[in-house]
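[1] structure here, sequence nowhere to be found:
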């Protein structure tokens, strides 16, 4: 377990943190995820990668934690409102830093869009693996990511940054 | 193709467009990757979109990397919870092969390599012992099947399971901050392999050879001095 934990805890933490946006809750998630792994080790059938299994458990735990936390909404508007209170993309754009604006807009995506962007770009999961983690059909994985990217472009456009797409 | 991708921006995305992010991340199979490469070569609009995707890809990684790592509190909490778990009876419903594959999957490739090498050495040793015993008993160039009245010399040939060459084992607990790279390096240095998982945080390590009592004491002392080892004791 120490070896498994050592190898994957940072990845689990970051995925959880991007979903729940609270370090304390994300740390609690890690303990819950690996404790579940410890308890259910026999159920792991090796058909998918260990990381895919871990991320699926993390996602389930994160969504449960979000449901428990009544003050955090799951919809786009609520998510955007939380991020827009301080240094919003517009302010960042004024600093002429596209990269920073892009990162800011990535955090302003809805949880549904954030998770798919993270799974594909950061965790480098294939279409099939994302479908398994999120529990949606493979075609939905592809179109959901497309619309997440479109939303990202809209946020950047609103912040005054044109990237030539769409 | 260019017209097609442009049209799709306002409506439904084309199949190739939806594959672009996966191509950037390198997670497409060879057939789809080739399909995307061909489309990119013939459609400048698609290529522009791909450049935007590469930027998103880089910034997503940068954003995630900036999130840092969890504190040791998370790990302490986890292992305290595991220690508090009731001892479990091994489940009868899980097949032996599933258990074995699960166990081997949890080991690092280097550990597996060491275990395989050790297994091969043990097999060779066993073959040597059997061969030596057979050669010793073979006094003629051929033997006839006959009842020997001298029962003492007709004892069955049994396999010695290697009690005289049993490799040394020890129980080791690694420090909480031990990294996988440190552990594999230690296993390398000591020519050891992990043969059992963490029971109460202790790993059972098997070393490449059998050792005398003094050698074992020396080995344990050396292990105990390792930075990533918090406890090293002989197997009870």
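    Perfect, thanks for sending it. What you see is a predicted model; the values in this text were computed from it and never measured.
[2] alpha carbons only for contacts and neighbour counts from here, please
    OK.
[3] helices of chain B, residue ranges please.
    For chain B, the helices defined by DSSP state H cover B:2-10, B:15-25, B:30-42, B:44-65, B:72-84, B:96-106, B:109-137, B:180-190, B:213-225.
[4] next, the angle helix B:15-25 makes with the third one.
    Relative orientation of helix B:30-42 with respect to helix B:15-25: 110 degrees, computed using axes from the mean of the first three to the mean of the last three C-alpha atoms, to 10 degrees.
[5] buried set for helix B:30-42?
    Residues of helix B:30-42 classed as buried: B:32, B:33, B:36, B:39, B:40 (neighbour count, 16 or more other C-alpha atoms under 10 Å in any protein chain shown).
[6] and it with chain A, contact?
    No. Under the criterion of C-alpha under 8 Å from any C-alpha of the partner chain, chain A is not reached by helix B:30-42; the shortest gap measures 11.5 Å.
[7] which parts of stretch B:44-63 are buried?
    Buried residues in stretch B:44-63 (16+ other C-alpha under 10 Å): B:45-60, B:63.
[8] now swap in stretch B:227-236 and tell me
    B:228, B:229, B:231, B:232, B:233.
[9] over to stretch B:122-136?
    Neighbour-count burial for stretch B:122-136 [16+ other C-alpha under 10 Å]: B:122, B:126, B:130.
[10] now swap in stretch A:131-138 and tell me
    A:131, A:132, A:133, A:134, A:138.
[11] so the second one is in which element?
    This means residue A:132. Per DSSP states H and E: residue A:132 is located in helix A:127-134.
[12] how far off centre is that helix?
    Its chain's C-alpha centre and that of helix A:127-134 lie 13 Å apart, by C-alpha atoms, centre = their mean, to the nearest Å.
[13] now the angle from that helix to helix B:15-25?
    Counting by the same axes, to 10 degrees, helix A:127-134 lies at 80 degrees to helix B:15-25.
[14] what does helix A:127-134 rub up against?
    The contact list for helix A:127-134 (C-alpha atoms under 8 Å, 6 or more residues apart in numbering or on different chains) reads A:48, A:52-53, A:55-56, A:59, A:116, A:119-120, A:137-138, A:141-142, B:22, B:27.
[15] buried subset of the residues you listed, written for ChimeraX?
    ChimeraX command restricting the contacts of helix A:127-134 to the buried ones, with burial defined by 16+ other C-alpha under 10 Å:
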select /A:52,53,55,56,59,116,119,120,138,141,142 /B:22,27
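[16] and which of the contacts of helix A:127-134 is nearest to residue A:3?
    If you rank the contacts of helix A:127-134 by distance to residue A:3 using C-alpha to C-alpha, residue A:53 comes first, at 16.2 Å.
[17] which element is that closest one on?
    helix A:50-68.
[18] buried ones in that helix?
    Applying 16+ other C-alpha under 10 Å to helix A:50-68 flags A:50-63, A:65-66 as buried.
[19] quick check: mean pLDDT across that helix?
    The pLDDT scores in helix A:50-68 average 91.
[20] repeat that for stretch A:5-24.
    Here the average pLDDT along stretch A:5-24 is 92.
[21] same check, this time on stretch A:136-154
    95.
[22] what packs against whichever strand or helix holds residue A:28?
    Under the criterion of DSSP H and E, residue A:28 resides in helix A:23-40. If contacts are counted by 3 or more C-alpha pairs under 8 Å, 6 or more residues apart in numbering or on different chains; DSSP states H and E, helix A:23-40 sits against helix A:2-20, helix A:50-68, helix B:72-84.
[23] grab the nearest non-local neighbour of whatever residue of chain B ends up closest to chain A.
    Using C-alpha to the nearest C-alpha, residue B:78 is the residue of chain B that sits closest to chain A, at 4.6 Å. Spatial nearest neighbour of residue B:78, excluding adjacent residues (C-alpha to C-alpha, 6 or more residues apart in numbering or on different chains): residue A:31 at 4.6 Å.
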